[in-house]
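K.L.:
Predicted model, plus sequence, below.
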Amino acid sequence: MKQLEKSIMGQAYVLACPDDSEAQMNEAVARVDAAMCRIRDAGKVRSRERIAVLAALNLAFDIADREAADLAAERAQP
């Protein structure tokens, strides 16, 4: 397990990462950072904690929506 220092919305975090998953961790950090920055830049929410929760909910919704679409597509196949 390696440790990576990454920045999310301007704050540094030390993250544990399996040795063979650094690219995936970098992608995850980029997605979270982008989601949080979009919310912050919209100007309606100031608290870092609230921004993080809203970003997590948005990302979880996107995953659930994608899974539902995949399941519907599987059921539609003969």
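P.N.:
That came in fine, so what should we check first? Residues are numbered from 1 along each chain as shown.
K.L.:
Return the set of buried residues in the longest helix anywhere in the chain.
P.N.:
In the chain, assigned by DSSP state H, the helix with the most residues is helix 48-76. Going by neighbour count (16 or more other C-beta atoms under 10 Å), the buried part of helix 48-76 is Ile51, Ala52, Leu54, Ala55, Leu59. Using the backbone N, CA and C atoms, a C-beta is placed for each residue, glycine as well.
K.L.:
Distance check, the last one against Ala34.
P.N.:
Using C-beta to C-beta, to the nearest Å, we find Leu59 at a distance of 10 Å from Ala34.
K.L.:
for the helix or strand harbouring Ala23, which positions count as buried?
P.N.:
Element membership for Ala23, per DSSP states H and E: helix 22-42. Across helix 22-42, burial judged by 16+ other C-beta under 10 Å covers Met25, Val29, Val32, Asp33, Ala35, Met36, Ile39, Arg40.
K.L.:
could you check the angle helix 22-42 makes with the longest helix of the chain?
P.N.:
Here helix 48-76 runs at an angle of 120 degrees relative to helix 22-42 (axes from the mean of the first three to the mean of the last three C-alpha atoms, to 10 degrees).
K.L.:
just how off-centre is helix 48-76 within its chain?
P.N.:
Helix 48-76 has its C-alpha centroid displaced from the chain centroid by 10 Å (C-alpha atoms, centre = their mean, to the nearest Å).
K.L.:
So which elements touch that helix?
P.N.:
helix 22-42 (3 or more C-beta pairs under 8 Å, 6 or more residues apart in numbering; DSSP states H and E).
K.L.:
who touches the helix it packs on?
P.N.:
Helix 22-42 is contacted from outside by 2, 4, 6-9, 15, 17, 45-46, 51-52, 54-55, 58-59, using C-beta atoms under 8 Å, 6 or more residues apart in numbering.
K.L.:
So what's the residue count around Lys6?
P.N.:
Other residues within reach of Lys6, judged by other C-beta atoms under 10 Å, total 17.
K.L.:
Check what pLDDT the most centrally placed residue in the chain gets.
P.N.:
Using C-alpha atoms, centre = their mean, the residue of the chain that lies closest to the mean C-alpha position is Val32, 3.5 Å off. As predicted, Val32 sits at a pLDDT of 97.
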